[in-house]
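>>> Sharing a model prediction with you, sequence too.
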Amino acid sequence: MTQIHVHAQPGDVAPAVLLPGDPNRARHIAQTYLDGAREYTSHRQLLGFTGTYRGVPVSVQTTGMGCPSAAIVAEELARLGARTLIRVGTLGGATPRVAPADLVIATAAVPNDGTTRQLLGGAPYAPAADFDVVHAAVAAARTLEVPHHVGLVMTEDAFYASTPEHARTWASRGVLGFEMEASAIFLVAAMHGIRAGCLTACSNDIGDPQLVAPDVLAGGVDRMVRVALEAVVTLHGADSVTDRAAGPMSG
Ligand SMILES: O=P(O)(O)O[C@H]1O[C@H](CO)[C@@H](O)[C@H]1O
Ligand SMILES: O=c1cc[nH]c(=O)[nH]1
């Protein structure tokens, strides 16, 4: 059945989907990294493409900004047969340890957002990344020699509410940075029994809110995308053995 917002049908979307917030990043990933990329949706500028990377079917689907939009997209992708969702986003660094354009691989997202609160009815919950996705991403980062951090992020609704003090407080609790979609993607994936991960490139420092120079950030985004795609290849190989994540387009 055609999904209301993504405007796609079963068969349009690969089992593995990369999820950038920004439609221009989706197009860049499809054009730069995927073979035979086909645009399956542009509805609401939630651009979506499906192609292959090193022979493995992969989709790239824009989430838009924030948990309400990301939760809708994750829900509709799950209904379309997606089995692995990997956010490829940007984040504001909570600590100077996370340098401009550094890769952050999230293990879990502190849910400071309204969407997961509504989905959970106020129940306590820890939205976490799938272990296999984290493991495959860390292995890919090591193989590609991409400097990276692994740990907590915080998902928030109000981009301009973050202050240096807020960043210091949460950094003291292990949070590496702030972004706006991971908690909802992790929760929706868990509710469907599918796996999710979140990779981000640091676009700015909350303590010193300067945007990273565009060429520096573009380099970080490309490193993040290569790590995500190599992780997808690893997971696909493992799935071929275990048949864990058979979706409509799996081989
Ligand atoms: O670059 P993306 O993936 O959009 O991610 C980050 O950038 C946006 C805010 O500028 C939010 O969506 C946040 O999560
Ligand atoms: O949510 C976000 C994303 C990037 N940078 C921030 O400061 N916050």
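On my side now, so go ahead. Ligands and ions are numbered 1, 2, ... in the order given.
>>> could you pull out the helices for the protein?
23-33, 67-79, 114-120, 131-143, 164-171, 182-192, 214-242 (DSSP state H).
>>> Buried deepest among those helices, which one?
helix 182-192 (a mean of 25; mean count of other CB atoms under 10 Å). All C-beta atoms are positioned from the backbone trio N, CA, C, and that covers glycine.
>>> my read: Asp35 touches Thr50, true?
No: look at Asp35 against Thr50 with CB atoms under 8 Å: they stay out of range, at 10.9 Å.
>>> Counting neighbours, go ahead and name the busier of those two.
For the pair Asp35 and Thr50, the greater number of neighbours falls to Thr50 (24 against 10), based on other CB atoms under 10 Å.
>>> ok, Thr90 to Cys198 distance?
Distance, Thr90 to Cys198, using CB to CB, to the nearest Å: 11 Å.
>>> Which one's more surrounded, these two?
For Thr90 and Cys198, the more surrounded residue by other CB under 10 Å is Cys198, and the numbers stand at 31 against 24.
>>> tell me the contacts of the residue in the chain that ligand 1 sits nearest to?
The minimum distance from the chain to ligand 1, using CB to the nearest ligand atom, falls at Gly21 (2.1 Å). Counting by CB atoms under 8 Å, 6 or more residues apart in numbering, Gly21 touches Thr62, Thr63, Gly64, Met65, Ala70, Arg87, Gly89, Thr90, Met180, Glu181.
>>> List the contacts of Ala106.
Counted by CB under 8 Å, 6+ apart, Ala106 has contacts Ala129, Val134, Gly151, Leu152, Val153, Ala182, Gly197, Cys198, Leu199, Thr200.
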